[in-house]
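>>> Coordinates only, no sequence provided:
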């Protein structure tokens, strides 16, 4: 029997707690917590994603704003926008939607965001704090949203004792998911293996995992026979694949149908990790807002 | 057949290259690169270690200075000393020797050092840069000295191709060695597992390793039958154990005698990684000095 970990339910819980805090913040400080999302150009996927972020912010009593810049914006102009948001006392969180057009350096823009407003948790200061932390505190740290959401679902599903001493395998070593996810699992006392494109016999490595996190961006790459009986599977992938009717459909990095009956728990795609990513962005916004008013 | 990786030879090479650069720096800028080591109190091991650092600095044409503070120095006084060194244009590298007395917070002091002068590579900004780097560049990053030294010995011994796709197991998850070592090996395309005190069946995990790094601080904990035939073993431990004559002797985290004949290469203790740690500190000092004058 494989149970689905319902991202909608977990995300709704995170958003409900965030909304209570956002309303308390507004009552205490005379303004809503504010999240400014900067988007450059017209990438349709990015547009759809930032619109979801803005909508969810409003539903959570956060003042979510979109700053839309043309594809042709210069490095200096974008740095100027970020500097303005850094200096604006009314802005609690700043997010620059990635990827940026080729003439702009994403890491340079991330480095330019004030660490206290870096709700994506990508600034080197926040990365450094995460990687040196012996204990994970999502109230005191700005942790990248996708791994944070994955961790929170794991904790709600199997508890701390369901992680301690377990073998975790993280497939993928991105700065956005794989590396911070490995650090979170390590802090919860998993024995953590990071696998990637150069890993030899990846199926055998995955078969060792009590906790398997797939974050590679390759549709249904992880097959059923890569999964140990009873493993908990977190599927971070969100991949669009073609269908005969031309509409396409969204699948994860795991062949979910094959995993059913093998895994003890699995996050579905869609309706799994993706829902938590946006909820955790709102969580990070209220954490940043509360920390800023405390000074 | 097991070959020893001679830390004295590797460290002498690093120091020789550093000395050339330090002399060129002095010729170009009218002063030696300068490393200030702050030591608090009278811990004999710390004293011995900082004296070695100062001596090696002088032999490498670096102006190594010791700042000795009493055990009773206050938090404010120590922060003041660090602020003074940060502000002093003649200081290239600052190191606060750990551990500090109980009334002082080591992380607070590390956070107070300017990242550009943080030759230990422990400041969150430098940790963040290391953990987000896709490529390791010891000329452009301040990387913690012990893992950097271990990596350089591995690269000189087995080369990049001897790391790519190999299974590496790092035993120990400290911020000083285990975690940055794992990140370095990951960047060189190892499939990396981090094991620790909560790991179940540690011997079996170690037996999987093509590259085994022991960094736990427990004398000869890693036994011969934990080592895969042909594995490359990096022994980071420096442990003093009692002997009948009362003098004690230094052993590593690996039972070296048992490893002989199983490992393909192993770093001896003493005479292995420890030698590289100090050499890499001097390397980091010249990297910091050169970066500072470039602005």
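Good, I have the coordinates. All figures in this text were calculated on a predicted structure; none of them were measured in a lab.
>>> Show me where the stretch 1-150 of chain A has its helices.
Remark: helices assigned in the stretch 1-150 of chain A by DSSP state H, counting those that start in this stretch are A:7-29, A:44-59, A:75-87, A:106-112, A:124-132, A:145-158.
>>> Identify each buried residue in the fourth one, please.
Residues of helix A:106-112 classed as buried: A:109, A:110, A:111, A:112 (neighbour count, 16 or more other Cβ atoms under 10 Å in any protein chain shown). Just so you know, the C-beta spots here come from the backbone N, C-alpha and C atoms, and that holds for glycine as well.
>>> what's the answer for the longest one, then?
Buried residues in helix A:7-29, counting neighbours by 16+ other Cβ under 10 Å, are found at A:7, A:10, A:11, A:14, A:15, A:18, A:19, A:21, A:22, A:25, A:26.
>>> how close does the fourth one get to residue A:290?
When you say that, I think you mean residue A:14. Separation of residue A:14 from residue A:290 (Cβ to Cβ, to the nearest Å): 15 Å.
>>> do the fifth one as well
Plainly put, residue A:15 is 16 Å away from residue A:290 if you go by Cβ to Cβ.
>>> And for the lowest-mean-pLDDT helix or strand in chain A, what's in contact with it?
Lowest mean confidence among the helices and strands of chain A (mean pLDDT, DSSP states H and E): helix A:44-59, at a mean of 91. For helix A:44-59, the surrounding residues in contact (Cβ atoms under 8 Å, 6 or more residues apart in numbering or on different chains) are A:15, A:19, A:35, A:37, A:39, A:63-66, A:95, A:97, A:99, A:278-279, A:281-282, A:285.
>>> Between helix A:7-29 and that helix, find me the angle.
Put simply, helix A:44-59 runs at 50 degrees to helix A:7-29, going by axes from the mean of the first three to the mean of the last three Cα atoms, to 10 degrees.
>>> can you list the residues of the stretch 1-150 of chain A near chain B?
A:107, A:122, A:123, A:124, A:125, A:126, A:127, A:128, A:129, A:131, A:132 (Cβ under 8 Å from any Cβ of the partner chain).
>>> let's go with 6 Å and repeat that
A:124, A:125, A:127, A:128, A:129, A:131, A:132 (Cβ under 6 Å from any Cβ of the partner chain).
>>> these two touch, right, the third one and residue B:131?
Going back to what we said before, that points to residue A:127. Yes - counting by Cβ atoms under 6 Å, residue A:127 touches residue B:131, with 5.4 Å between them.
>>> So which of those two has more stuff around it?
Taking residue A:127 and residue B:131 together and counting by other Cβ atoms under 10 Å in any protein chain shown, residue A:127 has the greater number of neighbours (29 against 23).
>>> what's near enough to touch the more buried one?
B:128, B:131, B:132 (Cβ atoms under 6 Å, 6 or more residues apart in numbering or on different chains).
>>> distance of the first one from residue A:175?
Using Cβ to Cβ, one gets 10 Å for the distance from residue B:128 to residue A:175.
>>> contacts with chain A among the contacts of residue A:127, please.
For chain A, the contacts drawn from these by Cβ under 6 Å from any Cβ are B:128, B:131, B:132.
>>> of these, closest to residue B:213?
Compare each of the ones next to chain A among the contacts of residue A:127 with residue B:213 using Cβ to Cβ and the shortest gap goes to residue B:131, at 17.2 Å.
>>> Domain-wise, how is chain A divided?
Structurally, chain A divides into domains by automatic domain parsing as follows: A:30-117, A:143-273.
>>> Quick check: which of these is buried the most?
The highest mean neighbour count among those, using mean count of other Cβ atoms under 10 Å in any protein chain shown, belongs to domain A:143-273: a mean of 21.
>>> what about that domain, start to end distance?
Using Cα to Cα, to the nearest Å, the end-to-end distance of domain A:143-273 comes to 15 Å.
>>> who wins for neighbours among the residues of the stretch 1-150 of chain A next to chain B?
Result: residue A:127 is most packed of those (other Cβ under 10 Å), 29 neighbours.
>>> which residue packs closest to that residue, ignoring adjacent ones?
Of all residues not flanking residue A:127 in the chain, residue B:128 sits nearest, at 3.6 Å (Cβ to Cβ, 6 or more residues apart in numbering or on different chains).
>>> and the one you found, how far is that from residue B:141?
11 Å.
>>> How about residue A:16?
Using Cβ to Cβ, residue A:16 is found at 42 Å from residue B:141.
>>> just the strands in chain A please.
In chain A, the segments counted as strands under DSSP state E are A:3-4, A:34-40, A:63-69, A:93-96, A:167-171, A:191-195, A:211-214, A:232-235, A:239-241, A:249-251, A:265-266.
>>> Could I get those strands in CSV, plus columns for distance to residue A:181 and mean pLDDT?
What follows is the strands of chain A, written out as CSV (distance: least, Cβ to Cβ, whole Å; pLDDT from 0 to 100):
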stretch, distance to residue A:181, mean pLDDT
strand A:3-4, 20, 98
strand A:34-40, 23, 97
strand A:63-69, 26, 96
strand A:93-96, 20, 98
strand A:167-171, 5, 98
strand A:191-195, 9, 98
strand A:211-214, 5, 98
strand A:232-235, 8, 98
strand A:239-241, 18, 94
strand A:249-251, 20, 96
strand A:265-266, 16, 98
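>>> Dump these to JSON lines, plus distance to residue B:223.
Output for those, formatted as JSON lines (distance: least, Cβ to Cβ, whole Å):
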{"stretch": "strand A:3-4", "distance to residue B:223": "41"}
{"stretch": "strand A:34-40", "distance to residue B:223": "54"}
{"stretch": "strand A:63-69", "distance to residue B:223": "57"}
{"stretch": "strand A:93-96", "distance to residue B:223": "50"}
{"stretch": "strand A:167-171", "distance to residue B:223": "21"}
{"stretch": "strand A:191-195", "distance to residue B:223": "18"}
{"stretch": "strand A:211-214", "distance to residue B:223": "28"}
{"stretch": "strand A:232-235", "distance to residue B:223": "32"}
{"stretch": "strand A:239-241", "distance to residue B:223": "45"}
{"stretch": "strand A:249-251", "distance to residue B:223": "46"}
{"stretch": "strand A:265-266", "distance to residue B:223": "36"}
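>>> right, and those - which one's nearest residue B:169?
Judging these by Cβ to Cβ, what sits closest to residue B:169 is strand A:191-195, at 8.9 Å.
>>> Whether that closest one contacts chain B - can you check?
Yes - using Cβ under 6 Å from any Cβ, we find that strand A:191-195 touches chain B at A:191, A:192, A:193, A:194, A:195.
>>> how near is the closest residue to residue A:36 other than its chain neighbours to chain B?
Using Cβ to Cβ, 6+ apart and skipping the chain neighbours, the partner closest in space to residue A:36 is residue A:65 (5.0 Å). Residue A:65 sits 27 Å away from chain B, going by Cβ to the nearest Cβ, to the nearest Å.
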